[in-house]
Structures are given as structure tokens and as C-alpha cells.
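Sequence unavailable; structure follows:
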């Protein structure tokens with residue numbers, strides 16, 4: 001392992017050969033996976049000792065009651081390896097990577113605070129939705145300003161039509177997209193492996209898009225995220241030994257959207273992240289329909305994955321089918337990025 005780290009360290013500055021660039025990115029993905037799997041057992045044991053267990057909504061599906069007290073805040077298993085590997089191997093000569101790194105850290109800390117407030121041992125419900133959204137919008141605004149001014153990004157790429165400058169309209173779009181994606185991934189995180197698996201597919205898709213553009217720093221970040229997420233899924237596989245919590249879901253969503261904007265292919269985010277969009281829309285439509293009809297429900301329960309649970313799909317059926325949809329959406333997104 002030390003020999004591998006030494007090779008990665010000496011090649012932290014951009015290699016000239018695109019093949020070497022991709023090899024570095026894939027190697028870091030593997031290292032992230034190994035680190036995450038390696039720290040998993042002791043970290044989960046630490047969470048159990050400190051009774052950092054998840055509350056379960058009483059109005060949720062009855063089968064979820066068995067998940068009560070399952071360790072949460074597992075998102076740190078993803079973010080910590082990514083932060084360390086990015087600092088060591090993907091920052092020298094690539095200061096633009098401070099942006100996704102900062103977004104990852106800020107939203108992970110925000111999610112951790114919310115998770116801490118909503119533990120079984122505290123009996124509290126976490127942050128209010130408005131307070132959490134206010135902080136998400138603040139982080140998103142900071143990211144949008146960096147994207148627009150220091151990085152000089154202010155355009156939209158429309159498949160088949162080309163690239164168009166949109167000026168200052170870029171800022172509110174970026175703010176809403178980053179905060180919205182963070183919330184959407186958070187809503188998706190309701191079944192074992194669902195949010196992690198679909199996020200890994202989305203990061204893979206954007207890593208490929210970035211590679212086609214020659215943005216090796218974004219490729220490396222995306223693939224490092226994939227490796228860490230897959231390492232987390234080792235312990236999140238049904239029945240889950242740990243949940244990522246808001247610590248992971250908010251960070252994954254915000255970092256994914258930031259990477260998408262860095263590639264310029266942010267218009268494809270609803271395509272590549274189709275599962276996240278469907279989950280978020282299901283909540284919006286459920287609430288709107290409930291208010292308009294004065295108490296009737298459009299779905300049996302929102303977010304969408306709970307609806308499928310209540311009509312008889314098993315948890316593994318839902319996650320696998322959503323994974324398959326996510327994979328096909330990712331392939332479609334890459335195809336659209338090429339035209």
C-alpha cells in the first residue's frame with residue numbers, strides 16, 4: 001500500500017499522457033474504496049458505542065421500524081477519504097478543486113449537525129427545513145460565485161444546438177441546482193444502498209464526461225467519490241449496518257451538482273440524476289395534491305420509493321430497479337454530452 005501511495009504522490013501533478021491521467025484517477029478510486037472499507041468496521045463500532053443511531057418516522061412503512069437505532073452519520077466514511085486523497089493527489093496545480101472540496105466539507109458538516117440533533121438518544125427532530133435550506137442556499141451561492149467569477153463559467157450547453165452564454169442568469173440557476181440536488185439526494189436516501197448506488201452512477205457519468213473534455217482534475221474527483229461511495233455501500237448493503245444520513249446525502253448531492261457545473265454539462269443533471277428528480281418531484285406533487293384536494297393523496301406515500309414499498313415491492317427490488325434506471329440515464333446523459 002505504501003508503494004502505491006508513493007507512486008500516486010509523485011504523479012500528483014498532471015501527467016502528459018491521457019492514459020496516465022485516467023490511470024491515476026482509477027487508482028485513486030480503488031484507494032478510496034480500500035480506505036473506506038478499512039475504516040468501516042471500527043467507525044461503525046464507534047458509532048454504536050456512542051449510541052449514534054437513527055430515528056425512524058412512525059408514519060413511515062412498518063418494515064422500517066427494524067432500522068431504528070441503526071448507526072447513522074456514515075457519510076463521513078465517504079467524505080473523509082475523498083478529502084484526504086484530494087488534498088494529497090488532486091490539488092497540486094489544480095486549485096479549482098478547492099471548490100468541490102469546500103462544498104463537500106461544508107455540506108457534510110451541515111448534515112452532521114442535523115444528524116446529531118435527530119439521534120434516537122436526543123429525541124429531537126433535527127434542524128427545521130427552512131433553517132437547513134437557508135444554509136444550503138448560502139453554500140450554493142458561494143459555489144455559484146466561484147464558478148462564475150474566478151472560474152469564468154457562464155454558459156449553457158444544449159445538446160444538438162451548442163453552447164450559449166447566459167451571463168448573470170448563471171448565478172441563480174447554479175444556486176438552485178446545487179441546493180436542489182442536495183435536497184433531492186437527501187430525499188432519495190430512504191432505502192439501503194438507494195442514494196449511494198444512484199449517486200455512484202451519476203458521479204461515474206460525469207467523470208466520463210469530464211474525461212472526454214480533458215478535465216482530469218474533475219475526472220479524478222468524481223472517480224474518487226465513486227470509490228468511497230462503493231466502499232460505504234459495502235456496509236450499507238441490505239440489511240444496512242450504517243446509514244449515510246444527511247452527513248452523506250447533502251454532501252453527495254451538492255458535490256455532484258458542483259462537478260456537473262464544472263463540466264459545463266449541468267443541463268444534463270436532471271437526466272443523469274433522473275432518480276433524484278423523480279424522488280423530489282414525488283414529494284412536491286404529493287404535498288401540492290394534498291393541499292389542493294384538502295387531504296387526498298396522489299401517492300400512497302412520498303418520497304417515491306415509499307410508494308413502491310406500500311404497493312408490494314421489496315426493498316431490494318426497488319433499489320435494484322432504481323439503480324438500473326440510473327445506469328440507463330447515465331448512459332443517455334453521456335450520449336447527449338457528445339452531440
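Received, thanks. This one's a predicted model, so the numbers in the text were calculated from it and none came from an experiment.

Distance of the spatially most central residue of the chain relative to residue 186?
Geometric centre of the chain, nearest residue: residue 252, 2.1 Å, by CA atoms, centre = their mean. The gap separating residue 252 from residue 186 is 9 Å, by CB to CB, to the nearest Å. The way it works is simple: take the backbone N, C-alpha and C, and place the C-beta from them, glycine included.

where do the contact lists of the two overlap?
Shared contacts of residue 252 and residue 186 (CB atoms under 8 Å, 6 or more residues apart in numbering): residue 195.

Check which element follows the helix or strand hosting residue 139 along the chain.
Per DSSP states H and E: residue 139 is located in helix 129-148. Downstream of helix 129-148, the first helix or strand assigned by DSSP H and E is strand 155-158.

mind checking the SS state of residue 190?
The local conformation at residue 190, judged by DSSP: H, G, I helix; E, B strand; the rest coil, is coil.

That one: what's it in contact with?
When contacts are counted by CB under 8 Å, 6+ apart, residue 190 touches 303, 305-306.

Got the confidence number for it?
What the model reports as pLDDT for residue 190 is 92.

Could you check how far the residue nearest to the centre of the chain is from residue 207?
Distance from residue 252 to residue 207, by CB to CB: 14 Å.

Show me the strands in the stretch 101-250 of the chain, by range?
Applying DSSP state E, counting those that start in this stretch to the stretch 101-250 of the chain gives strands spanning 155-158, 162-165.

now for those, which one comes closest to residue 174?
Proximity to residue 174, assessed across the strands of the stretch 101-250 of the chain by CB to CB, is greatest for strand 155-158 (10.8 Å).

residues of the closest one that come out buried?
With burial defined by 16 or more other CB atoms under 10 Å, the residues of strand 155-158 counted as buried are 156-157.

same check, this time on stretch 328-339
Quick answer for stretch 328-339 (16+ other CB under 10 Å): 329-330, 333-334, 336-337.

And for stretch 79-99?
Those would be 79-83, 85-86, 89-91, 94, 96-97, 99, for stretch 79-99 by 16+ other CB under 10 Å.

Can you report how many residues neighbour residue 128?
10 (other CB atoms under 10 Å).

For the stretch 201-339 of the chain, give me the ranges with low pLDDT.
Applying pLDDT under 70 to the stretch 201-339 of the chain flags no residue at all.

which outside residues touch the helix holding residue 139?
Contacts for helix 129-148 (CB under 8 Å, 6+ apart): 99, 102-103, 106-107, 110, 114, 126, 153-154, 168, 170-172, 174-179, 182-183, 250, 254, 258, 261-262.

coming back round to it: distance to residue 137 and mean pLDDT added to the strands of the stretch 101-250 of the chain, as CSV?
Formatted as CSV, those follow (distance: least, CB to CB, whole Å; pLDDT from 0 to 100):
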stretch, distance to residue 137, mean pLDDT
strand 155-158, 21, 96
strand 162-165, 25, 96
